[in-house]
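> got a structure for you, letters missing:
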């Protein structure tokens with residue numbers, strides 16, 4: 001049986017067979033909405049229409065201007081200076097490719113920080129501070145995993161791959 005600390009420690013492990021452990025949704029999240037509202041939102045709402053993990057606010061491929069919204073979403077997940085490079089706006093596939101690599105690097109940094117925080121900071125911030133930092137690293141790691149999945153889906157869509165839902 002895994003302890004809670006062991007589960008948290010492996011939240012960032014990409015080799016987990018079923019992904020990171022999932023939690024119940026917070027109030028206002030899609031998981032807390034009635035099923036009827038969720039299905040209505042998924043039936044054509046903005047940001048729904050792609051596979052699970054599709055970024056919110058980005059219409060599905062094929063809708064007018066979807067690639068511009070996808071580029072804006074991708075730029076929001078990169079350092080601000082990335083907006084200065086016109087080639088990445090001109091070639092959204094290159095921007096998506098770069099965003100995936102940027103998010104992978106951030107995930108690697110979170111994993112490393114999670115492994116090392118207990119040793120490196122316990123003398124400076126104490127056990128309670130380490131526990132708080134670990135909690136924040138966990139939340140940030142989950143956010144980054146979600147963004148990484150969405151960026152990968154956008155990269156696939158920009159390359160012309162189509163999502164085929166399975167039954």
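That came through, no problem. Fair warning: this is a prediction, and the values are worked out from it, not measured in the lab.
> What helices and strands are in contact with the longest helix seen in the chain?
Counting by DSSP state H, the longest helix found in the chain is helix 92-158. In this structure, helix 92-158 packs against helix 4-9, helix 66-76, helix 86-90, with contacts taken as 3 or more Cβ pairs under 8 Å, 6 or more residues apart in numbering; DSSP states H and E. C-beta here means a position set from N, CA and C on the backbone, and glycine is covered the same way.
> looking at this structure, which residue ends up farthest from its center?
What lies farthest from the middle of the chain is residue 123; by Cα atoms, centre = their mean that is 32.1 Å.
> roughly how far is the longest helix of the chain from the heart of the chain?
9 Å (Cα atoms, centre = their mean, to the nearest Å).
> Ok, stretch 144-164 next?
Taking Cα atoms, centre = their mean, one finds the center of stretch 144-164 at 11 Å from the center of the full chain.
> ditto for stretch 68-85
Using Cα atoms, centre = their mean, the offset of stretch 68-85 from its chain centre is 15 Å.
> Quick one: residues in contact with it.
With Cβ atoms under 8 Å, 6 or more residues apart in numbering as the contact definition, stretch 68-85 has outside contacts at 55, 57-59, 88-89, 92, 95-96, 98-99, 102-103, 147, 150-151, 154, 157-158.
> Residue 78 and residue 72: what is the separation?
11 Å (Cβ to Cβ, to the nearest Å).
> The two: which has the busier surroundings?
The neighbour comparison of residue 78 against residue 72 (other Cβ atoms under 10 Å) goes to residue 78, with 18 against 13.
> which phi and psi does that one have?
The phi and psi values for residue 78, taken as degrees, to the nearest 10, are phi -120, psi 170.
> Residue 102 versus that one, what's the distance?
5 Å.
> With residue 55 instead?
15 Å.
> rewinding a little: which among the contacts of stretch 68-85 count as buried?
55, 58-59, 88-89, 92, 95-96, 98-99, 102-103, 147, 150-151, 154, 157-158 (16 or more other Cβ atoms under 10 Å).
> quick one on the thing from earlier: just name the most buried of the helices and strands packed on helix 92-158.
helix 66-76 (a mean of 19; mean count of other Cβ atoms under 10 Å).
> what stretches of this structure score poorly on pLDDT?
1-49 (pLDDT under 70).
> Distance of residue 116 relative to residue 60?
Counting by Cβ to Cβ, the gap from residue 116 to residue 60 is 40 Å.
> again, but for residue 120
Residue 120 is 44 Å from residue 60, by Cβ to Cβ.
> repeat for residue 102
24 Å.
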